[in-house]
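# could you look at this predicted model? Sequence included:
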Amino acid sequence: MNFNEAVATALAPTGKLRVTINLGNPILANTDQSTGRPSGISVDLATELAQRLEVRVEFLVVDAAAKAVDAVTNGSADLGFFAIDPVRGAGIAFTPPYVLIEGCYLVRQNSPIRDNSQVDDSHNRVAVGAGSAYDLFLSRELRRASIIRVPTSPAVIEAFIEQGLEVAAGVKQQLLSDARRYPGLRLVEEPFMTIQQAMGVAKVRGDAAIQCLREFVAELKASGQVYALLTRHGIHGATVAPPHSC
C-alpha cells in the first residue's frame with residue numbers, strides 16, 4: 001500500500017519519521033556490533049514504512065519500554081513498537097500485532113515453584129522490568145506476590161540474583177539466555193502471558209493515519225515479509241501474529 005500526502009504529514013510532520021527503538025526487548029532490536037546502529041525486525045519495519053512515506057527515518061534509541069511510550073506520547077517520536085496493553089492504550093493507538101512472543105518465569109533449580117499458579121504467593125518477590133508489558137500485566141494479575149521493579153528488562157536477572165528474589169519475569173528468549181549464562185536457574189515452561197507486539201502512534205495523529213498503519217501491518221503479515229524478517233534475524237520462539245488478530 002501507499003500513503004497519501006495527508007497521512008504522510010500526520011505520521012511524519014517534521015519531514016522525517018522519528019521512530020523510538022527499545023533495546024530492552026532483544027527479540028525486536030539490538031545494537032549492531034560492527035556499526036553501533038540499532039538493528040532488528042522493528043528497525044526493518046520502520047525503515048520500510050519510511051520508504052513508503054518517502055521520508056528518511058531517524059531512530060531514538062531507548063533501553064526500556066516505558067521510555068519508548070513516553071517518547072511517542074510526548075511527541076518526541078512519531079512511532080514506536082510496543083506490546084499492546086490497555087494502560088498504554090490511553091494515549092497510543094496500536095496496529096494489529098505483527099509478532100507474538102511469550103512471557104515466562106525464571107526460578108532457581110531448587111525452587112518449589114513448578115507452575116505459574118504457585119507464583120502468586122505472599123512470600124514470593126517477582127523481578128520485572130519497570131513499565132514493561134509483563135510488569136503491566138502482572139500488576140493486574142498478581143494479588144499476593146510482591147513485584148520488584150528494576151529500571152530495564154535486561155537488568156532483571158541481575159536484580160533477581162543479587163537480591164535473592166524468588167522469581168524473575170520476562171520474555172522467554174531473554175530468560176533462556178540468562179539461564180545459560182547463570183548456572184542453577186530454570187525456566188517455568190508454561191508462559192504466563194502472550195505478548196502481542198504492535199506498532200503504535202499517538203492517537204492525536206488521527207484516524208486516517210492510524211488506519212493506514214493498520215493496513216500496512218496487515219499487508220506485511222499477509223505477504224510473508226514479517227516471517228522473512230524473523231528468519232533473517234534468527235529469531236526463534238516468536239511467531240507471526242494471525243491475520244485478523246487485534
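Received it, and whenever you're ready, just let me know what you need.
# ok, which stretches of this protein are helices?
Secondary structure of the chain (DSSP state H): helices located at 5-11, 41-53, 65-73, 133-141, 156-162, 172-181, 207-222, 225-232.
# of all these, which lies closest to Val150?
Closest to Val150 of these is helix 156-162 (C-beta to C-beta; 4.4 Å). Where you see a C-beta, it was placed from the backbone N, CA and C, and this is true even at glycine.
# okay, the helices of the chain in TSV with distance to Ile148, mean pLDDT and mean neighbour count next?
Formatted as TSV, the helices of the chain follow (distance: least, C-beta to C-beta, whole Å; pLDDT from 0 to 100; neighbours: other C-beta atoms under 10 Å):
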stretch	distance to Ile148	mean pLDDT	mean neighbour count
helix 5-11	38	93	17
helix 41-53	27	96	20
helix 65-73	16	93	23
helix 133-141	10	95	19
helix 156-162	7	95	20
helix 172-181	16	90	17
helix 207-222	34	95	18
helix 225-232	32	95	16
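# ok, which of the ones you listed comes nearest Arg114?
Comparing those by C-beta to C-beta, helix 172-181 comes nearest, at 15.8 Å.
# packing partners of the lengthiest strand in the chain?
Longest strand in the chain by number of residues, with DSSP state E as the criterion: strand 185-202. In terms of contacts (3 or more C-beta pairs under 8 Å, 6 or more residues apart in numbering; DSSP states H and E), strand 185-202 is packed against helix 65-73, strand 79-83, strand 92-94, strand 99-108, helix 133-141, helix 172-181, helix 207-222.
# and the third one, how far out from the chain's middle?
Read that as strand 92-94. 14 Å (C-alpha atoms, centre = their mean, to the nearest Å).
# tell me which strands that strand pairs with, and in which orientation.
Strand 92-94 sits in its sheet next to strand 185-202 (antiparallel), going by DSSP bridges.
# same question, the second one
Strand 79-83 has its sheet partners listed here by DSSP bridges as strand 16-22 (parallel), strand 185-202 (antiparallel).
# if we can go back for a sec, distance to Ser34 added to the helices of the chain, as TSV?
Formatted as TSV, the helices of the chain follow (distance: least, C-beta to C-beta, whole Å):
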stretch	distance to Ser34
helix 5-11	30
helix 41-53	14
helix 65-73	24
helix 133-141	30
helix 156-162	26
helix 172-181	21
helix 207-222	26
helix 225-232	16
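# go through those and name the closest to Arg149.
Here helix 133-141 is closest among the helices of the chain (C-beta to C-beta), at 6.3 Å.
# other residues contacting that closest one?
Under the contact criterion C-beta atoms under 8 Å, 6 or more residues apart in numbering, helix 133-141 has outside partners 65, 82-83, 85, 87-88, 103, 120, 126, 128-129, 147, 149, 169-171, 192-193, 195.
# likewise for stretch 68-75?
Against stretch 68-75 from outside (C-beta under 8 Å, 6+ apart): 20-22, 60, 62, 77-82, 88, 91-92, 131, 200-202.
# now which of those would you call buried?
Burial by neighbour count, judged by 16 or more other C-beta atoms under 10 Å, picks out 20-22, 60, 62, 77-82, 88, 92, 131, 200-202 from the contacts of stretch 68-75.
# and the helices and strands packed on strand 185-202: which comes nearest Thr35?
strand 79-83 (19.9 Å).
# alpha carbons only: can I get that closest one in PDB?
Extracted in PDB, the C-alpha atoms of strand 79-83 (Å, rounded to 0.1, in the frame of the first residue of the first chain):
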ATOM      1  CA  LEU A  79       6.200   5.900  16.100                       C
ATOM      2  CA  GLY A  80       7.100   3.100  18.400                       C
ATOM      3  CA  PHE A  81       7.000  -0.600  18.700                       C
ATOM      4  CA  PHE A  82       5.100  -1.900  21.800                       C
ATOM      5  CA  ALA A  83       3.300  -4.700  23.400                       C
END
